[in-house]
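Participant: here is a sequence together with a model predicted from it:
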Amino acid sequence: MSSHTYDYLDGNAAAGELSAIFGMDVTIAESQCAHCGAIKRFAEAHVYMQAPGVVARCAVCQHVLLRLVKARQRAFLDLRGMTCLILDTSRFLESGR
Amino acid sequence: MMWRVGTVVALQDETATARTITLKVPDWPGHIAGQHVDVRLTASDGYSAVRSYSIASAPNAEKRVELTVERLPNGEVSPYLTQELAVGDRLELRGPIGGWFVWRTQQTEPIQLIAGGSGIVPLMAMIRSRASTGSTAPFRLLYSVREPGAVFYRDDLLALSDCYNKVSLTYAYTRIPPKDWPRPPGRIDAALIADATWPSNLAPTCFVCGPTSFVEGATDLLIASGHGRDKIRTERFGPTGDRK
């Protein structure tokens, strides 16, 4: 499926919310799509912010990778669209540069 | 990642609709050119809205963070930031955010920057970072903008593109060019990519920032002219970042 209605942003746009959850930068994390198997940086995912939550889709096949909904002090994070999320643990936030 | 509080120390209009906000953030850990912050506004009834804004300033020792905000019609946050915020006010911010769309001063390869409208902001941080560290990495900027009056950082860009070790700068006007401008108004096309950007055989790293349609168009042109997809880093923005 190709999208020509440019209503998405990219993984950079969701990075603040997700970095707050993971405690590290997610834009350089690699995610493997559970549908097509593509491994891409999360920064490259197509992210839809106009829904009640955040939806990230694979930039290659458009399959849903991640859903995040925040409500009443809780974050609901659905990662079933990824086979794996590979985070660089050397880059913890707040650890200084 | 915690929310930090910054104090507005300066405000400067860039265009009729965009303003640069300079914040002093006492616990700022430092940033890398290209990163952004989330800004949170909270109303007296507890309702809050969060928006992402790119950092325009180079990394600096003064814990100073500059954001340039474009006012969106019917926006929920940008009208406040561009019209009501005053020097001395405090803003909540979270960041710096992002490690992908960044230029590090150790990078020495040619850099191609392509900006659409306010997509110039993180690229300006890269240009300023290059200048402040004395980097000699070859930089070119292709800046697509509606009309001359919509250009951000005009004086800074002029100074940095007209000096020794300059950044090569090309404007592309989409609606109204200056008088006697050689190129008719229009979007970036293959001819302009060929004329005004580093050729792919130099293997530049390309940073493309702008609205999603702009980023997709420019990226397709770069790939068609031989650039590898793995050499192109993109950041898309739009008025859809409606989060609470």
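Facilitator: Structure received. Numbers count the residues shown, from 1 in each chain, chains lettered A, B, ... in the order given.

Participant: quick one: the helices in chain B?
Facilitator: Along chain B, the stretches classed as helices by DSSP state H are B:78-79, B:120-133, B:154-160, B:190-196, B:212-224.

Participant: now the strands for chain A?
Facilitator: Ranges of strands in chain A, per DSSP state E, are A:9-10, A:30-33, A:39-41, A:46-48, A:54-57, A:64-71, A:74-78, A:82-86.

Participant: would you mind finding the most buried of those strands?
Facilitator: Among these, strand A:9-10 has the highest mean neighbour count (mean count of other C-beta atoms under 10 Å in any protein chain shown), at a mean of 26. Using the backbone N, CA and C atoms, a C-beta is placed for each residue, glycine as well.

Participant: which secondary structure elements does it sit against?
Facilitator: Strand A:9-10 makes packing contacts with strand A:46-48, strand B:232-237 when contacts are defined by 3 or more C-beta pairs under 8 Å, 6 or more residues apart in numbering or on different chains; DSSP states H and E.

Participant: rerun at 6 Å
Facilitator: Contact partners of strand A:9-10 among helices and strands, from 3 or more C-beta pairs under 6 Å, 6 or more residues apart in numbering or on different chains; DSSP states H and E: none.

Participant: what mean pLDDT does that strand have?
Facilitator: For strand A:9-10, mean pLDDT rounds to 96.

Participant: again with stretch A:60-75
Facilitator: Rounded mean pLDDT across stretch A:60-75 is 94.

Participant: can you report how many residues neighbour residue 34?
Facilitator: In the absence of a named chain, this looks at chain A. Residues within reach of A:Ala34, counting by other C-beta atoms under 10 Å in any protein chain shown, total 16.

Participant: my bad, the chain I had in mind was chain B
Facilitator: For B:Gly34, using other C-beta under 10 Å, the count is 26.

Participant: thinking again about what came up before, save the strands of chain A as CSV, and put in distance to B:His36 too.
Facilitator: Output for the strands of chain A, formatted as CSV (distance: least, C-beta to C-beta, whole Å):
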stretch, distance to B:His36
strand A:9-10, 12
strand A:30-33, 20
strand A:39-41, 16
strand A:46-48, 14
strand A:54-57, 16
strand A:64-71, 18
strand A:74-78, 20
strand A:82-86, 21
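
Participant: tell me which of those strands sits nearest to B:Ala159.
Facilitator: strand A:9-10 (31.6 Å; C-beta to C-beta).

Participant: quick one on the thing from earlier: just say which of the helices of chain B is most tucked in.
Facilitator: In terms of average neighbour count - mean count of other C-beta under 10 Å - the standout among those is helix B:120-133, at a mean of 24.

Participant: so which residues make contact with it?
Facilitator: Residues from elsewhere that reach helix B:120-133, judged by C-beta atoms under 6 Å, 6 or more residues apart in numbering or on different chains: B:33-34, B:54-56, B:58, B:68, B:103, B:105, B:113, B:115, B:139, B:143, B:152-153, B:160, B:167, B:209.

Participant: roughly how far does the spatially most central residue of chain B sit from chain A?
Facilitator: Chain B has B:Val121 as the residue nearest its centroid, 1.6 Å off, counting by C-alpha atoms, centre = their mean. According to C-beta to the nearest C-beta, to the nearest Å, B:Val121 and chain A sit 13 Å apart.

Participant: quick one: that residue and B:Asp230, what's the gap?
Facilitator: Distance of B:Val121 to B:Asp230, computed by C-beta to C-beta, to the nearest Å: 24 Å.

Participant: ditto for B:Asp162
Facilitator: 33 Å.

Participant: which of the contacts of helix B:120-133 fall in strands?
Facilitator: Going by DSSP E, the strands hold B:54, B:68, B:113, B:115, B:139, B:143, B:209 from the contacts of helix B:120-133.

Participant: farthest pair within those residues?
Facilitator: B:Thr68 and B:Phe139 (19.3 Å).

Participant: now do the same contact list for the closest residue to B:Leu123 other than its chain neighbours.
Facilitator: Spatial nearest neighbour of B:Leu123, chain neighbours left out: B:Leu113 (4.3 Å); criterion: C-beta to C-beta, 6 or more residues apart in numbering or on different chains. B:Leu113 makes contact with B:123, B:141, B:207, according to C-beta under 6 Å, 6+ apart.

Participant: tally up the residues packed near the last one, please.
Facilitator: Just to be clear, that refers to B:Phe207. 24.

Participant: check the second one too.
Facilitator: Other residues lying near B:Leu141 total 25 when counted by other C-beta under 10 Å.

Participant: any idea how far B:Arg187 is from it?
Facilitator: 17 Å.

Participant: low pLDDT regions in the chain?
Facilitator: Using chain A here. A:1-4, A:91-97 (pLDDT under 70).

Participant: that answer is for a different chain, and I need it for chain B
Facilitator: B:239-244.

Participant: would you mark the buried spots in the lengthiest strand in it?
Facilitator: Among the segments of chain B that qualify as a strand by DSSP E, the longest is strand B:3-13. For strand B:3-13, a neighbour-count test (16 or more other C-beta atoms under 10 Å in any protein chain shown) marks B:4, B:6, B:8 as buried.

Participant: right, is that strand up against chain A?
Facilitator: No: Strand B:3-13 stays clear of chain A (C-beta under 6 Å from any C-beta of the partner chain), getting no nearer than 9.2 Å.

Participant: output the contacting helices and strands for that strand.
Facilitator: strand B:18-24, strand B:90-97.
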